[in-house]
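**Q** Give me a 3D structure for the following:
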Amino acid sequence: MGRIYESITELIGHTPLLRLNGYIKKNGLDADILGKIEFFNPNQSIKDRIALSMIEEAEKNGSLKKGGTILEATSGNTGIGLSAIAAVKGYKTHIYVQDTVSEERFKVMRAFGTEVSNMSDVSEVDKALKENNNDYVAGYAAFYEKFLGKDDSVFLVNQDANPANPEIHYKTTGPEIWEDSEGTVDIVVAAVGTGGTVTGVGKYLKEKRPDIKVIAVQPGENSIPSKDNPNPEEIAGVHPFVGIPAEFVPSNLDDRYYDECFPVETSQAYEAAREVARTDGILIGASSGAILYAATQVAKREENKDKTIVAIFPDTGLRYLSTNLFG
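**A** This is a model prediction of the structure:
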């Protein structure tokens, strides 16, 4: 029986779990690692889920009006998801991005008709960056403080604090992992960007089985801007949440739903991403590489022998071809 879809919004979610057989064998692992392939979403990232969820919730509560403008600051993938869905629904989109965002992300957003600007062009953001060793976590906080509630014709998404973000992972991503693994999942590894994935997935799975462990990945010390190293090569889409001022921790990150913070350096993330491309034929992005590295180290622990580990891969490596990841 045939099926024709009417909108890309109908294609979001229901992404597959893939056992990384080649990678598991090469690394001699006694645990199973299943990658949740979020780049099977129509715009090739997990952020399609939250983009649709946040836009539809804003339509329901009146925050986003017909013909209105969607405004957000993002490291890239949320901006792409918002841009695509806005194009379908007839909204304008203005996205501010980090200066370090890959060339591919700029081009994709502009292809959807989005106006794209650099966050540092906003004076308040530029000031926050200079005062915080070029740390974009502070930059995002300054951005939201400047624009929140200032213009009724503009919907400021604010993904870090928007409850529709973790809610969609609770409603879709978590249940998909549970159903596709037939309840055998023991450990989930996810990165913290906005905190939505960790919180939503963690909440759902811990309600199903409280003993399921959730590992939250953050950048390692050498991959976070500091006074001595203000411009490290960062892991796109992965942000620190432990060891930083409380006001910079995403509101959507709920520490009740993760069990461990796992730091990963950029070099480790890149190596894992390169390796799985050669063992299993999948091209994953930098944040996915960080998640895979963490999942590998967790799999090597004696107590995790024969356990099933789900590594949530947020996006595709095709967004990183102009960067050092595959350069």
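
**Q** Show me where the stretch 1-150 of the chain has its strands.
**A** 17-19, 32-37, 69-74, 92-97, 115-118 (DSSP state E, counting those that start in this stretch).

**Q** low-confidence ranges in the stretch 51-200 of the chain?
**A** 135-136 (pLDDT under 70).

**Q** ok, which stretches of it are helices?
**A** Assigned by DSSP state H, counting those that start in this stretch, the stretch 51-200 of the chain shows helices spanning 77-89, 103-111, 123-131, 136-147, 164-168, 174-180, 196-208.

**Q** pLDDT on the one helix or strand Ala290 maps to, on average?
**A** Using DSSP states H and E, Ala290 sits in helix 286-299. Here helix 286-299 scores 98 as its mean pLDDT.

**Q** That one packs against which elements?
**A** strand 32-37, strand 187-191, strand 213-219, strand 260-264, helix 266-280, strand 308-313 (3 or more Cβ pairs under 8 Å, 6 or more residues apart in numbering; DSSP states H and E). For every residue, glycine as well, the C-beta is placed using N, CA and C.

**Q** so the second one versus helix 266-280, what angle?
**A** This means strand 187-191. Computed by axes from the mean of the first three to the mean of the last three Cα atoms, to 10 degrees, the angle separating strand 187-191 from helix 266-280 equals 120 degrees.

**Q** Can you spell out which helices and strands pack onto strand 187-191?
**A** Looks like strand 187-191 contacts helix 196-208, strand 213-219, helix 286-299, strand 308-313 (3+ Cβ pairs under 8 Å, 6+ apart).

**Q** next one: the third one
**A** Contact partners of strand 213-219 among helices and strands, from 3+ Cβ pairs under 8 Å, 6+ apart: strand 187-191, helix 196-208, strand 260-264, helix 286-299.

**Q** Give me whichever of the ones you listed is most buried.
**A** Comparing those by mean neighbour count (mean count of other Cβ atoms under 10 Å), strand 187-191 comes out on top with a mean of 29.

**Q** How about residues contacting that strand?
**A** 177, 197-198, 201-202, 205, 212-218, 235, 237-238, 262, 287, 290-291, 294-295, 298, 304, 307-312, 314 (Cβ atoms under 8 Å, 6 or more residues apart in numbering).

**Q** That strand pairs with which strands?
**A** According to DSSP bridges, strand 187-191 forms sheet pairs with strand 213-219 (parallel), strand 308-313 (parallel).

**Q** Of the ones you listed, which is nearest Tyr23?
**A** strand 308-313 (10.1 Å; Cβ to Cβ).

**Q** Of the strands paired with strand 187-191, flag the one that's most buried.
**A** strand 308-313 (a mean of 27).

**Q** who's in contact with Gly193?
**A** 75, 237-239, 250, 287, 314.

**Q** Please report the distance of it from Gln159.
**A** 9 Å (Cβ to Cβ, to the nearest Å).

**Q** same check, this time on Ser226
**A** 25 Å.

**Q** Neighbour count for these two, which is higher?
**A** Gln159 (27 against 13; other Cβ atoms under 10 Å).

**Q** Number of residues surrounding the closest residue to the more buried one other than its chain neighbours?
**A** Distances taken as Cβ to Cβ, 6 or more residues apart in numbering put Thr194 closest to Gln159, at 4.8 Å, once the chain neighbours are dropped. By other Cβ under 10 Å, the residues close to Thr194 number 26.

**Q** do the same with Tyr96
**A** Counted with other Cβ under 10 Å, Tyr96 comes out at 22.

**Q** what residues are up against it?
**A** 71-74, 116-119, 121-122, 125, 143.

**Q** Of these, keep whichever come out buried.
**A** 71-74, 116, 119, 122, 125, 143 (16 or more other Cβ atoms under 10 Å).

**Q** So which of those residues is the closest to Thr184?
**A** Checking the buried ones among the contacts of Tyr96 against Thr184 by Cβ to Cβ gives Thr74 as the nearest, at 34.2 Å.

**Q** any idea how far Gly139 is from the closest one?
**A** Taking Cβ to Cβ, one finds Thr74 at 11 Å from Gly139.

**Q** go on, Lys66?
**A** 31 Å.

**Q** between the two, who's got more neighbours?
**A** Neighbour tally, Lys66 and Gly139, criterion other Cβ under 10 Å: the higher count belongs to Gly139, 26 against 8.

**Q** residue contacts, the more buried one?
**A** Gly139 neighbours (Cβ under 8 Å, 6+ apart): 73, 98, 119-120, 125, 128-129, 132.
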